[in-house]
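K.L.:
sequence-free structure coming up:
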Ligand SMILES: NC(=O)c1ccc[n+]([C@@H]2O[C@H](COP(=O)([O-])OP(=O)(O)OC[C@H]3O[C@@H](n4cnc5c(N)ncnc54)[C@H](O)[C@@H]3O)[C@@H](O)[C@H]2O)c1
(Lines give C-alpha, C1' and ligand atoms only; values in the text may rest on other atoms or scores of the structure.)
Protein backbone atom coordinates (compact mmCIF):
# COMPACT_ATOMS: atom_id res chain seq x y z
CA UNK A 1 0.00 0.00 0.00
CA UNK A 2 1.28 3.49 -0.79
CA UNK A 3 2.56 5.68 1.94
CA UNK A 4 -0.05 5.42 4.66
CA UNK A 5 -2.86 5.45 2.12
CA UNK A 6 -4.81 2.82 4.03
CA UNK A 7 -4.33 4.51 7.37
CA UNK A 8 -6.20 7.64 6.41
CA UNK A 9 -3.16 9.90 6.28
CA UNK A 10 -2.64 12.34 3.43
CA UNK A 11 0.18 11.31 1.11
CA UNK A 12 3.04 13.73 0.87
CA UNK A 13 4.72 11.84 -1.96
CA UNK A 14 3.21 11.48 -5.43
CA UNK A 15 0.69 8.67 -5.85
CA UNK A 16 2.49 5.86 -7.70
CA UNK A 17 0.49 4.28 -10.51
CA UNK A 18 0.98 1.38 -12.88
CA UNK A 19 -0.60 1.48 -16.33
CA UNK A 20 -2.24 -1.70 -17.59
CA UNK A 21 -2.74 -1.13 -21.32
CA UNK A 22 -0.75 1.79 -22.74
CA UNK A 23 -3.09 2.61 -25.62
CA UNK A 24 -5.07 5.84 -26.11
CA UNK A 25 -6.67 5.91 -22.68
CA UNK A 26 -3.64 4.68 -20.75
CA UNK A 27 -1.52 7.38 -22.35
CA UNK A 28 -4.07 10.15 -21.71
CA UNK A 29 -4.54 9.30 -18.03
CA UNK A 30 -0.75 9.02 -17.59
CA UNK A 31 -0.33 12.60 -18.76
CA UNK A 32 -1.68 13.73 -15.41
CA UNK A 33 1.78 12.82 -14.06
CA UNK A 34 3.46 15.14 -16.56
CA UNK A 35 1.19 18.01 -15.52
CA UNK A 36 1.40 17.27 -11.78
CA UNK A 37 4.67 15.42 -11.08
CA UNK A 38 4.23 16.28 -7.40
CA UNK A 39 0.93 14.39 -7.26
CA UNK A 40 1.34 11.34 -9.50
CA UNK A 41 4.19 9.20 -10.82
CA UNK A 42 3.91 6.43 -13.40
CA UNK A 43 6.16 3.61 -12.14
CA UNK A 44 5.15 0.59 -14.21
CA UNK A 45 3.50 -0.40 -17.49
CA UNK A 46 2.29 -3.52 -19.28
CA UNK A 47 1.33 -3.68 -22.94
CA UNK A 48 2.03 -6.32 -25.61
CA UNK A 49 2.68 -3.54 -28.15
CA UNK A 50 6.36 -2.61 -27.85
CA UNK A 51 5.77 0.80 -29.45
CA UNK A 52 3.11 1.70 -26.88
CA UNK A 53 4.91 0.51 -23.76
CA UNK A 54 8.25 2.00 -24.82
CA UNK A 55 6.61 5.34 -25.58
CA UNK A 56 5.08 5.42 -22.11
CA UNK A 57 8.33 4.23 -20.54
CA UNK A 58 10.23 7.10 -22.19
CA UNK A 59 7.62 9.71 -21.30
CA UNK A 60 7.65 8.74 -17.62
CA UNK A 61 11.18 7.38 -17.19
CA UNK A 62 9.93 4.01 -15.99
CA UNK A 63 12.63 1.59 -14.82
CA UNK A 64 13.28 -1.31 -17.22
CA UNK A 65 12.37 -3.92 -14.61
CA UNK A 66 8.86 -2.43 -14.35
CA UNK A 67 7.99 -2.70 -18.05
CA UNK A 68 6.12 -5.81 -19.21
CA UNK A 69 4.50 -7.20 -22.33
CA UNK A 70 1.47 -8.58 -20.50
CA UNK A 71 -0.53 -7.56 -17.43
CA UNK A 72 -0.11 -11.00 -15.78
CA UNK A 73 3.61 -10.37 -15.35
CA UNK A 74 2.92 -7.03 -13.71
CA UNK A 75 0.41 -8.68 -11.38
CA UNK A 76 2.92 -11.37 -10.40
CA UNK A 77 5.28 -8.72 -9.03
CA UNK A 78 5.26 -7.67 -5.38
CA UNK A 79 2.99 -4.66 -5.09
CA UNK A 80 5.11 -1.60 -5.93
CA UNK A 81 2.56 1.17 -6.53
CA UNK A 82 -0.59 2.58 -4.96
CA UNK A 83 -3.00 2.36 -7.88
CA UNK A 84 -3.53 0.55 -11.16
CA UNK A 85 -5.01 2.25 -14.23
CA UNK A 86 -6.76 -0.54 -16.15
CA UNK A 87 -7.00 0.64 -19.75
CA UNK A 88 -7.09 -2.65 -21.64
CA UNK A 89 -9.73 -3.53 -24.30
CA UNK A 90 -13.33 -4.06 -23.09
CA UNK A 91 -13.07 -7.86 -22.88
CA UNK A 92 -9.90 -7.59 -20.84
CA UNK A 93 -11.16 -5.61 -17.86
CA UNK A 94 -12.43 -8.15 -15.34
CA UNK A 95 -9.36 -10.33 -14.91
CA UNK A 96 -6.79 -7.56 -14.35
CA UNK A 97 -9.22 -5.47 -12.27
CA UNK A 98 -9.86 -8.39 -9.91
CA UNK A 99 -6.19 -9.43 -9.82
CA UNK A 100 -4.84 -5.95 -9.01
CA UNK A 101 -7.63 -5.23 -6.50
CA UNK A 102 -6.76 -8.46 -4.68
CA UNK A 103 -3.13 -7.34 -4.53
CA UNK A 104 -4.25 -4.15 -2.79
CA UNK A 105 -4.00 -1.62 -5.62
CA UNK A 106 -6.66 1.08 -5.82
CA UNK A 107 -8.31 0.73 -9.21
CA UNK A 108 -9.12 3.16 -11.97
CA UNK A 109 -11.01 1.00 -14.44
CA UNK A 110 -11.98 2.15 -17.90
CA UNK A 111 -15.60 1.85 -18.87
CA UNK A 112 -17.39 -0.41 -19.52
CA UNK A 113 -16.52 -2.13 -16.25
CA UNK A 114 -16.80 -5.50 -18.00
CA UNK A 115 -18.86 -7.12 -20.72
CA UNK A 116 -21.21 -9.20 -18.52
CA UNK A 117 -23.24 -8.31 -15.44
CA UNK A 118 -21.56 -11.17 -13.54
CA UNK A 119 -18.09 -9.83 -14.27
CA UNK A 120 -19.10 -6.31 -13.23
CA UNK A 121 -20.35 -7.70 -9.91
CA UNK A 122 -17.15 -9.73 -9.46
CA UNK A 123 -15.04 -6.59 -9.87
CA UNK A 124 -17.07 -4.67 -7.28
CA UNK A 125 -16.87 -7.63 -4.91
CA UNK A 126 -13.10 -7.92 -5.28
CA UNK A 127 -12.61 -4.20 -4.63
CA UNK A 128 -14.96 -4.20 -1.65
CA UNK A 129 -13.41 -7.30 -0.09
CA UNK A 130 -9.89 -5.98 -0.60
CA UNK A 131 -10.83 -2.58 0.79
CA UNK A 132 -9.54 -0.70 -2.25
CA UNK A 133 -11.13 2.20 -4.05
CA UNK A 134 -12.69 1.75 -7.46
CA UNK A 135 -13.24 4.57 -9.92
CA UNK A 136 -14.80 3.75 -13.30
CA UNK A 137 -13.99 5.84 -16.39
CA UNK A 138 -17.40 7.50 -16.55
CA UNK A 139 -15.72 10.75 -17.48
CA UNK A 140 -18.94 12.69 -18.14
CA UNK A 141 -19.67 12.66 -14.42
CA UNK A 142 -16.60 14.86 -14.09
CA UNK A 143 -17.45 17.31 -16.89
CA UNK A 144 -17.96 20.57 -14.96
CA UNK A 145 -21.01 21.67 -17.01
CA UNK A 146 -22.67 18.26 -16.89
CA UNK A 147 -22.00 18.13 -13.16
CA UNK A 148 -23.85 21.46 -12.92
CA UNK A 149 -27.01 19.63 -14.05
CA UNK A 150 -26.80 17.33 -11.04
CA UNK A 151 -26.14 20.26 -8.71
CA UNK A 152 -29.16 22.14 -10.05
CA UNK A 153 -31.42 19.09 -9.67
CA UNK A 154 -30.17 18.57 -6.12
CA UNK A 155 -30.76 22.24 -5.32
CA UNK A 156 -34.41 21.87 -6.41
CA UNK A 157 -34.03 24.27 -9.37
CA UNK A 158 -36.70 22.41 -11.39
CA UNK A 159 -38.64 20.78 -8.52
CA UNK A 160 -39.32 17.05 -8.83
CA UNK A 161 -37.78 15.47 -11.91
CA UNK A 162 -40.65 14.19 -14.08
CA UNK A 163 -39.08 13.37 -17.46
CA UNK A 164 -35.56 13.17 -18.89
CA UNK A 165 -34.81 13.39 -22.58
CA UNK A 166 -31.21 12.68 -23.50
CA UNK A 167 -29.56 12.52 -26.90
CA UNK A 168 -26.12 11.21 -27.82
CA UNK A 169 -24.86 12.24 -31.27
CA UNK A 170 -21.91 9.97 -32.02
CA UNK A 171 -20.72 11.78 -35.15
CA UNK A 172 -20.73 10.27 -38.64
CA UNK A 173 -16.98 9.76 -39.06
CA UNK A 174 -16.42 8.86 -35.38
CA UNK A 175 -18.96 6.08 -35.79
CA UNK A 176 -17.35 4.88 -39.04
CA UNK A 177 -13.93 4.93 -37.33
CA UNK A 178 -14.76 3.21 -34.04
CA UNK A 179 -17.94 1.22 -34.67
CA UNK A 180 -17.76 0.17 -38.33
CA UNK A 181 -14.05 -0.28 -39.05
CA UNK A 182 -12.51 -0.09 -35.59
CA UNK A 183 -12.18 -1.76 -32.21
CA UNK A 184 -15.84 -1.55 -31.18
CA UNK A 185 -17.45 -2.68 -34.46
CA UNK A 186 -18.19 -6.26 -33.52
CA UNK A 187 -19.93 -7.36 -30.35
CA UNK A 188 -18.11 -10.69 -30.06
CA UNK A 189 -14.75 -8.86 -30.11
CA UNK A 190 -15.67 -5.95 -27.82
CA UNK A 191 -19.22 -5.30 -26.60
CA UNK A 192 -22.63 -4.06 -27.79
CA UNK A 193 -22.76 -0.35 -28.50
CA UNK A 194 -25.12 0.57 -25.67
CA UNK A 195 -22.45 -0.75 -23.30
CA UNK A 196 -19.36 0.35 -25.23
CA UNK A 197 -20.54 3.88 -25.97
CA UNK A 198 -23.76 4.74 -24.21
CA UNK A 199 -23.06 3.32 -20.75
CA UNK A 200 -21.96 6.92 -20.04
CA UNK A 201 -25.44 8.16 -20.92
CA UNK A 202 -27.48 5.53 -19.09
CA UNK A 203 -25.22 6.26 -16.11
CA UNK A 204 -26.04 9.99 -16.29
CA UNK A 205 -29.79 9.32 -16.57
CA UNK A 206 -29.55 6.90 -13.64
CA UNK A 207 -27.73 9.57 -11.65
CA UNK A 208 -30.25 12.31 -12.50
CA UNK A 209 -33.10 10.00 -11.44
CA UNK A 210 -31.56 10.07 -7.96
CA UNK A 211 -32.35 7.24 -5.62
CA UNK A 212 -35.27 6.03 -7.74
CA UNK A 213 -34.94 2.52 -9.11
CA UNK A 214 -35.69 1.76 -12.76
CA UNK A 215 -38.76 -0.52 -12.86
CA UNK A 216 -39.34 -0.91 -16.62
CA UNK A 217 -37.08 -0.61 -19.62
CA UNK A 218 -37.54 -1.11 -23.36
CA UNK A 219 -35.14 -0.66 -26.24
CA UNK A 220 -35.01 -0.80 -30.04
CA UNK A 221 -32.09 -0.45 -32.38
CA UNK A 222 -30.28 -1.92 -35.34
CA UNK A 223 -27.42 -1.54 -37.78
CA UNK A 224 -28.54 0.95 -40.40
CA UNK A 225 -26.73 1.89 -43.58
CA UNK A 226 -23.33 0.29 -42.87
CA UNK A 227 -24.21 -2.96 -44.62
CA UNK A 228 -23.63 -4.58 -48.03
CA UNK A 229 -27.15 -3.65 -49.23
CA UNK A 230 -26.32 0.05 -48.90
CA UNK A 231 -23.05 -0.15 -50.83
CA UNK A 232 -22.80 2.28 -53.77
CA UNK A 233 -22.57 0.57 -57.16
CA UNK A 234 -18.97 -0.07 -58.15
CA UNK A 235 -17.48 0.44 -54.67
CA UNK A 236 -14.04 -1.10 -54.17
CA UNK A 237 -12.89 -3.11 -51.17
CA UNK A 238 -10.54 -0.37 -49.99
CA UNK A 239 -10.97 3.41 -50.21
CA UNK A 240 -7.47 4.00 -51.58
CA UNK A 241 -8.44 2.35 -54.86
CA UNK A 242 -12.22 2.78 -54.87
CA UNK A 243 -13.66 4.34 -58.05
CA UNK A 244 -16.51 6.04 -56.13
CA UNK A 245 -14.42 7.25 -53.17
CA UNK A 246 -14.89 10.94 -54.04
CA UNK A 247 -18.63 10.75 -53.40
CA UNK A 248 -18.39 8.82 -50.14
CA UNK A 249 -18.55 10.79 -46.85
CA UNK A 250 -17.12 7.78 -45.00
CA UNK A 251 -14.04 7.46 -47.22
CA UNK A 252 -10.96 6.52 -45.20
CA UNK A 253 -8.94 8.83 -47.47
CA UNK A 254 -11.04 11.77 -46.22
CA UNK A 255 -11.08 10.66 -42.56
CA UNK A 256 -7.37 9.85 -42.20
CA UNK A 257 -5.24 10.75 -45.21
CA UNK A 258 -6.61 14.28 -45.69
CA UNK A 259 -6.12 14.94 -41.97
CA UNK A 260 -2.50 13.76 -41.85
CA UNK A 261 -1.77 15.77 -45.01
CA UNK A 262 -2.97 18.85 -43.09
CA UNK A 263 -0.58 17.98 -40.26
CA UNK A 264 -3.19 16.49 -37.93
CA UNK A 265 -1.68 13.43 -36.26
CA UNK A 266 -3.96 13.11 -33.21
CA UNK A 267 -7.12 11.01 -32.94
CA UNK A 268 -8.38 9.30 -35.08
CA UNK A 269 -5.23 9.25 -37.22
CA UNK A 270 -3.01 8.15 -34.31
CA UNK A 271 -5.16 5.05 -33.74
CA UNK A 272 -4.62 3.54 -37.18
CA UNK A 273 -0.83 3.30 -36.94
CA UNK A 274 -0.52 1.24 -33.74
CA UNK A 275 3.21 0.59 -34.10
CA UNK A 276 4.57 3.91 -35.32
CA UNK A 277 4.07 7.65 -35.33
CA UNK A 278 1.58 8.57 -38.07
CA UNK A 279 2.83 10.27 -41.24
CA UNK A 280 1.60 10.21 -44.84
CA UNK A 281 3.51 6.99 -45.61
CA UNK A 282 2.41 5.03 -42.53
CA UNK A 283 -1.21 6.19 -42.86
CA UNK A 284 -1.28 5.26 -46.57
CA UNK A 285 0.13 1.83 -45.70
CA UNK A 286 -2.47 1.40 -42.92
CA UNK A 287 -5.23 2.20 -45.40
CA UNK A 288 -3.82 -0.28 -47.92
CA UNK A 289 -3.47 -3.17 -45.49
CA UNK A 290 -5.18 -2.45 -42.14
CA UNK A 291 -8.80 -2.51 -40.93
CA UNK A 292 -9.24 1.26 -41.20
CA UNK A 293 -8.85 1.28 -44.98
CA UNK A 294 -11.81 -1.01 -45.58
CA UNK A 295 -15.01 -0.01 -47.33
CA UNK A 296 -17.59 0.75 -44.61
CA UNK A 297 -20.13 -1.35 -46.51
CA UNK A 298 -17.93 -4.47 -46.44
CA UNK A 299 -16.84 -4.69 -42.79
CA UNK A 300 -17.69 -7.27 -40.14
CA UNK A 301 -19.57 -4.69 -38.02
CA UNK A 302 -22.71 -5.75 -36.18
CA UNK A 303 -23.25 -3.09 -33.48
CA UNK A 304 -26.29 -0.79 -33.66
CA UNK A 305 -25.90 2.54 -35.41
CA UNK A 306 -29.06 3.91 -33.80
CA UNK A 307 -30.73 2.83 -30.59
CA UNK A 308 -33.43 4.15 -28.28
CA UNK A 309 -34.03 3.24 -24.64
CA UNK A 310 -37.18 4.12 -22.70
CA UNK A 311 -37.15 3.84 -18.93
CA UNK A 312 -39.68 4.16 -16.13
CA UNK A 313 -38.36 4.81 -12.64
CA UNK A 314 -40.11 4.49 -9.29
CA UNK A 315 -42.61 7.29 -8.74
CA UNK A 316 -43.43 7.56 -12.45
CA UNK A 317 -40.31 9.38 -13.61
CA UNK A 318 -39.79 8.56 -17.29
CA UNK A 319 -36.66 8.86 -19.40
CA UNK A 320 -36.02 8.58 -23.13
CA UNK A 321 -32.55 8.10 -24.56
CA UNK A 322 -31.45 8.10 -28.22
CA UNK A 323 -28.05 7.31 -29.69
CA UNK A 324 -27.49 8.08 -33.38
CA UNK A 325 -24.42 7.57 -35.55
CA UNK A 326 -25.46 9.91 -38.35
CA UNK A 327 -24.77 13.32 -36.85
CA UNK A 328 -22.64 16.37 -37.52
CA UNK A 329 -21.98 16.90 -33.78
CA UNK A 330 -19.59 14.45 -32.18
CA UNK A 331 -20.47 13.26 -28.67
CA UNK A 332 -21.88 16.65 -27.58
CA UNK A 333 -24.88 15.38 -25.66
CA UNK A 334 -28.16 17.28 -25.59
CA UNK A 335 -30.47 16.98 -22.64
CA UNK A 336 -33.80 18.37 -21.48
CA UNK A 337 -35.05 17.59 -18.01
CA UNK A 338 -38.65 18.46 -17.21
CA UNK A 339 -39.44 19.10 -13.56
CA UNK A 340 -42.52 20.09 -11.58
CA UNK A 341 -41.25 23.65 -11.23
CA UNK A 342 -39.11 24.23 -14.29
CA UNK A 343 -37.35 22.96 -17.37
CA UNK A 344 -33.59 22.43 -17.62
CA UNK A 345 -31.88 22.24 -20.97
CA UNK A 346 -28.30 21.46 -21.92
CA UNK A 347 -27.14 21.98 -25.50
CA UNK A 348 -23.70 20.43 -25.10
CA UNK A 349 -22.22 23.75 -24.01
CA UNK A 350 -24.45 25.57 -21.52
CA UNK A 351 -27.23 24.79 -19.09
CA UNK A 352 -30.41 26.88 -19.02
CA UNK A 353 -33.18 26.68 -16.45
CA UNK A 354 -36.64 28.07 -17.15
CA UNK A 355 -38.56 28.70 -13.94
CA UNK A 356 -42.33 28.22 -14.27
CA UNK A 357 -43.11 30.62 -11.41
CA UNK A 358 -41.05 33.60 -12.52
CA UNK A 359 -41.19 32.61 -16.21
CA UNK A 360 -37.56 33.59 -16.46
CA UNK A 361 -34.65 31.70 -17.89
CA UNK A 362 -31.23 31.63 -16.27
CA UNK A 363 -27.97 30.50 -17.84
CA UNK A 364 -25.57 28.35 -15.82
CA UNK A 365 -21.96 27.82 -16.74
CA UNK A 366 -19.20 26.00 -14.95
CA UNK A 367 -15.60 26.99 -14.71
CA UNK A 368 -13.01 24.44 -15.71
CA UNK A 369 -9.38 24.87 -14.76
CA UNK A 370 -8.34 22.13 -17.15
CA UNK A 371 -4.83 22.42 -18.57
CA UNK A 372 -5.66 21.99 -22.24
CA UNK A 373 -2.23 20.72 -23.28
CA UNK A 374 -1.63 17.04 -24.01
CA UNK A 375 -4.76 14.92 -24.37
CA UNK A 376 -6.04 15.83 -20.93
CA UNK A 377 -8.53 18.32 -22.34
CA UNK A 378 -10.38 15.28 -23.74
CA UNK A 379 -14.12 14.91 -23.14
CA UNK A 380 -14.43 18.65 -22.45
CA UNK A 381 -11.75 18.48 -19.77
CA UNK A 382 -13.53 15.64 -18.01
CA UNK A 383 -10.57 13.24 -18.42
CA UNK A 384 -8.45 15.64 -16.40
CA UNK A 385 -11.07 16.08 -13.69
CA UNK A 386 -11.57 12.31 -13.38
CA UNK A 387 -7.83 11.85 -12.80
CA UNK A 388 -7.73 14.80 -10.43
CA UNK A 389 -10.51 13.22 -8.34
CA UNK A 390 -9.00 9.73 -8.38
CA UNK A 391 -5.49 10.85 -7.46
CA UNK A 392 -6.87 13.06 -4.67
CA UNK A 393 -9.01 10.18 -3.42
CA UNK A 394 -5.97 7.89 -3.21
CA UNK A 395 -3.69 10.55 -1.75
CA UNK A 396 -6.19 11.48 0.96
CA UNK A 397 -7.73 8.04 1.39
CA UNK A 398 -11.10 9.64 0.65
CA UNK A 399 -13.39 7.63 -1.65
CA UNK A 400 -16.06 10.36 -1.42
CA UNK A 401 -14.07 12.33 -4.02
CA UNK A 402 -14.88 9.64 -6.62
CA UNK A 403 -18.17 10.31 -8.45
CA UNK A 404 -18.12 7.05 -10.40
CA UNK A 405 -17.64 4.63 -7.54
CA UNK A 406 -18.54 0.94 -7.34
CA UNK A 407 -22.19 0.84 -6.23
CA UNK A 408 -23.72 3.52 -8.47
CA UNK A 409 -21.65 2.47 -11.47
CA UNK A 410 -22.61 -1.15 -11.07
CA UNK A 411 -26.31 -0.25 -10.88
CA UNK A 412 -26.15 1.82 -14.06
CA UNK A 413 -24.22 -0.95 -15.85
CA UNK A 414 -26.88 -3.48 -14.80
CA UNK A 415 -29.50 -1.18 -16.34
CA UNK A 416 -27.54 -1.17 -19.60
CA UNK A 417 -27.57 -5.00 -19.67
CA UNK A 418 -31.34 -5.02 -19.01
CA UNK A 419 -31.97 -2.49 -21.80
CA UNK A 420 -30.00 -4.59 -24.26
CA UNK A 421 -31.94 -7.67 -23.14
CA UNK A 422 -35.15 -5.80 -24.00
CA UNK A 423 -33.83 -4.97 -27.48
CA UNK A 424 -32.75 -8.54 -28.15
CA UNK A 425 -35.89 -10.18 -26.75
CA UNK A 426 -38.31 -7.58 -28.16
CA UNK A 427 -40.12 -6.99 -24.88
CA UNK A 428 -40.36 -4.67 -21.91
CA UNK A 429 -38.01 -5.81 -19.15
CA UNK A 430 -38.66 -5.19 -15.45
CA UNK A 431 -35.17 -5.01 -13.93
CA UNK A 432 -34.88 -7.17 -10.83
CA UNK A 433 -33.88 -5.47 -7.63
CA UNK A 434 -30.13 -5.52 -7.98
CA UNK A 435 -28.27 -7.52 -5.40
CA UNK A 436 -24.80 -6.21 -5.96
CA UNK A 437 -23.30 -8.70 -3.57
CA UNK A 438 -24.56 -11.65 -5.55
CA UNK A 439 -21.93 -12.91 -8.01
N1 LIG B 1 -13.84 6.74 -20.73
C2 LIG B 1 -14.03 6.91 -22.03
O3 LIG B 1 -14.74 7.80 -22.44
C4 LIG B 1 -13.37 5.98 -23.00
C5 LIG B 1 -13.06 6.42 -24.28
C6 LIG B 1 -12.44 5.52 -25.16
C7 LIG B 1 -12.18 4.22 -24.74
N8 LIG B 1 -12.54 3.82 -23.49
C9 LIG B 1 -12.28 2.44 -23.03
O10 LIG B 1 -10.92 2.36 -22.62
C11 LIG B 1 -10.39 1.05 -22.89
C12 LIG B 1 -9.13 1.19 -23.74
O13 LIG B 1 -9.47 1.86 -24.93
P14 LIG B 1 -8.34 2.54 -25.85
O15 LIG B 1 -9.05 3.43 -26.79
O16 LIG B 1 -7.26 3.05 -25.02
O17 LIG B 1 -7.86 1.24 -26.66
P18 LIG B 1 -6.38 0.93 -27.19
O19 LIG B 1 -6.52 -0.22 -28.11
O20 LIG B 1 -5.75 2.18 -27.70
O21 LIG B 1 -5.60 0.50 -25.85
C22 LIG B 1 -5.73 -0.76 -25.25
C23 LIG B 1 -4.34 -1.26 -24.97
O24 LIG B 1 -4.40 -2.47 -24.20
C25 LIG B 1 -3.31 -3.26 -24.63
N26 LIG B 1 -3.43 -4.65 -24.21
C27 LIG B 1 -4.01 -5.68 -24.90
N28 LIG B 1 -3.80 -6.83 -24.24
C29 LIG B 1 -3.07 -6.54 -23.13
C30 LIG B 1 -2.51 -7.33 -22.09
N31 LIG B 1 -2.65 -8.66 -22.05
N32 LIG B 1 -1.80 -6.72 -21.11
C33 LIG B 1 -1.62 -5.37 -21.15
N34 LIG B 1 -2.11 -4.59 -22.12
C35 LIG B 1 -2.84 -5.16 -23.10
C36 LIG B 1 -3.30 -3.06 -26.14
O37 LIG B 1 -2.09 -3.46 -26.74
C38 LIG B 1 -3.57 -1.58 -26.25
O39 LIG B 1 -2.37 -0.82 -26.33
C40 LIG B 1 -11.51 0.29 -23.59
O41 LIG B 1 -12.20 -0.51 -22.67
C42 LIG B 1 -12.43 1.39 -24.10
O43 LIG B 1 -13.77 0.99 -24.25
C44 LIG B 1 -13.11 4.68 -22.62
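P.N.:
Yep, it's here. All values derive from a computational prediction rather than experimental measurement.

K.L.:
over to whichever residue of the chain sits closest to the ligand: give its phi and psi.
P.N.:
For the chain and the ligand, the shortest gap (C-beta to the nearest ligand atom) falls at residue 23, measuring 1.8 Å. Placement of C-beta: from N, CA and C, glycine included. Residue 23 adopts backbone torsions of phi -80, psi -150, taken as degrees, to the nearest 10.

K.L.:
now do residue 361
P.N.:
According to degrees, to the nearest 10, residue 361 has phi -110, psi 140.

K.L.:
can you check the one 4 residues further on too?
P.N.:
The phi/psi pair for residue 365 (degrees, to the nearest 10) reads phi -120, psi 170.

K.L.:
contacts only, for it.
P.N.:
Contacts for residue 365 were tallied using C-beta atoms under 8 Å, 6 or more residues apart in numbering; they are 145, 148, 350-351.

K.L.:
which one of the residues you listed is nearest residue 331?
P.N.:
Distance to residue 331, by C-beta to C-beta, is smallest for residue 145 among these, at 13.6 Å.

K.L.:
which strands or helices does the helix or strand where that closest one lies pack on?
P.N.:
Assigned by DSSP states H and E, residue 145 belongs to helix 144-154. Using 3 or more C-beta pairs under 8 Å, 6 or more residues apart in numbering; DSSP states H and E as the contact test, the elements touching helix 144-154 are helix 199-208, strand 334-339, strand 342-346, strand 351-355.

K.L.:
most tightly packed of these?
P.N.:
Counting by mean count of other C-beta atoms under 10 Å, helix 199-208 has the highest mean neighbour count of the helices and strands packed on helix 144-154, with a mean of 24.

K.L.:
how many other residues sit next to residue 246?
P.N.:
By other C-beta atoms under 10 Å, 9 other residues sit near residue 246.

K.L.:
that one in helix, strand or coil?
P.N.:
helix (DSSP: H, G, I helix; E, B strand; the rest coil).

K.L.:
Serialize the helices and strands packed on helix 144-154 to TSV and add fields for distance to residue 191 and mean pLDDT.
P.N.:
Below are these laid out as TSV (distance: least, C-beta to C-beta, whole Å; pLDDT from 0 to 100):
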stretch	distance to residue 191	mean pLDDT
helix 199-208	9	98
strand 334-339	24	98
strand 342-346	27	98
strand 351-355	31	98
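
K.L.:
tell me the domain boundaries of the chain?
P.N.:
Per the record, the chain has its domains at 5-139, 141-227+302-360+405-425, 228-293, by automatic domain parsing.

K.L.:
residue 399 is nearest to which of those domains?
P.N.:
Using C-beta to C-beta, the domains of the chain put domain 5-139 closest to residue 399, at 4.9 Å.

K.L.:
quick one: that closest one to chain centroid distance?
P.N.:
How far domain 5-139 lies from its chain's middle: 16 Å, per C-alpha atoms, centre = their mean, to the nearest Å.

K.L.:
same deal with stretch 180-192?
P.N.:
Distance, stretch centre to chain centre, for stretch 180-192: 14 Å (C-alpha atoms, centre = their mean).

K.L.:
residues contacting the residue nearest the centre of the chain?
P.N.:
Nearest residue to the geometric centre of the chain (C-alpha atoms, centre = their mean): residue 111, 5.0 Å. For residue 111, the contact set (C-beta under 8 Å, 6+ apart) comprises 136-138, 199-200.

K.L.:
report how many residues lie close to the spatially closest residue to residue 124 that is not a sequence neighbour.
P.N.:
Once flanking residues are discounted, residue 124 sits nearest to residue 406: 4.4 Å by C-beta to C-beta, 6 or more residues apart in numbering. Residues near residue 406, counting by other C-beta under 10 Å, number 26.

K.L.:
residue boundaries of the helices in the stretch 101-250 of the chain?
P.N.:
Applying DSSP state H, counting those that start in this stretch to the stretch 101-250 of the chain gives helices spanning 117-130, 144-154, 172-175, 193-196, 199-208.

K.L.:
thinking residue 240 is in contact with residue 289, fair?
P.N.:
No - using C-beta atoms under 8 Å, residue 240 makes no contact with residue 289, being 10.0 Å away.

K.L.:
what about residue 281, which helix or strand?
P.N.:
Using DSSP H and E, residue 281 maps to helix 280-289.

K.L.:
could you check the angle helix 199-208 makes with whatever helix or strand comes next after that helix?
P.N.:
The element immediately downstream of helix 280-289 (helix or strand, assigned by DSSP H and E) is strand 306-313. Counting by axes from the mean of the first three to the mean of the last three C-alpha atoms, to 10 degrees, strand 306-313 lies at 20 degrees to helix 199-208.

K.L.:
quick one: secondary structure of residue 12?
P.N.:
coil.

K.L.:
which secondary structure elements does the lengthiest helix in the chain contact?
P.N.:
Counting by DSSP state H, the longest helix found in the chain is helix 406-425. In terms of contacts (3+ C-beta pairs under 8 Å, 6+ apart), helix 406-425 is packed against helix 117-130, strand 134-136, helix 193-196, helix 199-208, strand 214-222, strand 306-313.

K.L.:
would you mind listing what in the stretch 1-150 of the chain touches the ligand?
P.N.:
20-26, 46-49, 52, 70-71, 87-90, 92, 110-111, 137, 139 (C-beta under 6 Å from any ligand atom).

K.L.:
kindly recompute the last result at 5 Å.
P.N.:
Within the stretch 1-150 of the chain, the positions near the ligand by C-beta under 5 Å from any ligand atom are 21, 23-25, 46-47, 49, 52, 70-71, 87-88, 90, 110-111, 137, 139.

K.L.:
sorry, back to before: just the helices and strands packed on helix 406-425: most buried one?
P.N.:
Highest mean neighbour count among the helices and strands packed on helix 406-425 (mean count of other C-beta under 10 Å): strand 134-136, a mean of 29.

K.L.:
show me what the host helix or strand of residue 321 pairs with in its sheet, parallel or antiparallel.
P.N.:
For residue 321, the element it lies in under DSSP H and E is strand 318-324. According to DSSP bridges, strand 318-324 has the following sheet partners: strand 161-169 (parallel), strand 306-313 (antiparallel).

K.L.:
perfect, I'm done here.
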